[in-house]
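J.: With the input below, show me the fold.
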Amino acid sequence: MAGEAQDSVWPLPAFYFKVEIEEIGEISFKEVSGLNMEAQVIEYRHGNSPEFSTIKMPGIKKYNDVELKKGVFVKDNKLFSWFNEIKLNTIKRLGVTISLLDEAGNPTMVWKLKNAWPSKVTGVSLKSDGNEAAVEAITLVHEGLTIENA
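T.: Here you go, the predicted structure:
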């Protein structure tokens with residue numbers, strides 16, 4: 001922000017991060033996206049208001065789905081196993097912590113997802129003439145996002 005003292009001249013790079021999922025542990029991901037939140041807008045005008053326009057008030061908070069992408073490794077089915085626990089509208093909801101790390105590996109900014117569960121798992125795209133790594137994705141829905149500066 002303008003006028004605030006900064007510890008460093010450069011913003012933190014976005015490539016050094018870690019993801020921890022309760023009961024599953026730390027998993028290395030290639031990409032994390034969707035760490036967004038917004039408040040729905042409620043427009044209101046009472047009948048005897050001298051202003052001939054509405055006022056805008058904050059409504060219910062809304063959290064976007066978070067998509068995580070990772071490489072496929074031999075005998076690594078943790079995410080598919082979690083997804084396969086969905087039975088009759090029930091699923092184990094877990095906390096997820098996403099940490100942006102500094103050069104020493106210490107968390108500088110931390111996003112915490114509350115009651116997250118996988119709504120979608122996307123397997124790899126196979127191509128006979130490709131040479132890229134096999135990457136799978138998981139989409140997490142959650143009930144809250146908190147941001148902490150470490």
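
J.: tell me which residues in the one helix or strand in the chain whose mean pLDDT sits lowest are buried?
T.: Sorting the helices and strands of the chain by mean pLDDT, DSSP states H and E puts helix 78-83 at the bottom, at a mean of 89. With burial defined by 16 or more other Cβ atoms under 10 Å, the residues of helix 78-83 counted as buried are 79, 82, 83. In this view, the C-beta of every residue, glycine as well, is placed from N, C-alpha and C.

J.: Okay, now the unreliable bits of the protein?
T.: 1-8, 150 (pLDDT under 70).

J.: Tell me the bridge partners for residue 117.
T.: residue 141 (DSSP bridges).

J.: mind checking how far it is from residue 141?
T.: Residue 117 sits at a distance of 6 Å from residue 141 (criterion: Cβ to Cβ, to the nearest Å).

J.: With residue 74 instead?
T.: Taking Cβ to Cβ, one finds residue 74 at 29 Å from residue 141.

J.: ok, these two, which is more surrounded?
T.: Set side by side, residue 74 and residue 141 give different neighbour counts by other Cβ atoms under 10 Å, the larger being at residue 141 (17 against 4).

J.: residue contacts, the more buried one?
T.: Residue 141 makes contact with 65, 116, 117, 119, according to Cβ atoms under 8 Å, 6 or more residues apart in numbering.

J.: I'd like to know how far it sits from residue 73.
T.: The spacing between residue 141 and residue 73, counted by Cβ to Cβ, is 25 Å.

J.: Can you say which helix or strand has residue 41 in it?
T.: Per DSSP states H and E, residue 41 falls inside strand 37-44.

J.: So in that sheet, which strands flank that strand, and in what orientation?
T.: Paired strands of strand 37-44, with direction, are strand 55-63 (antiparallel) (DSSP bridges).
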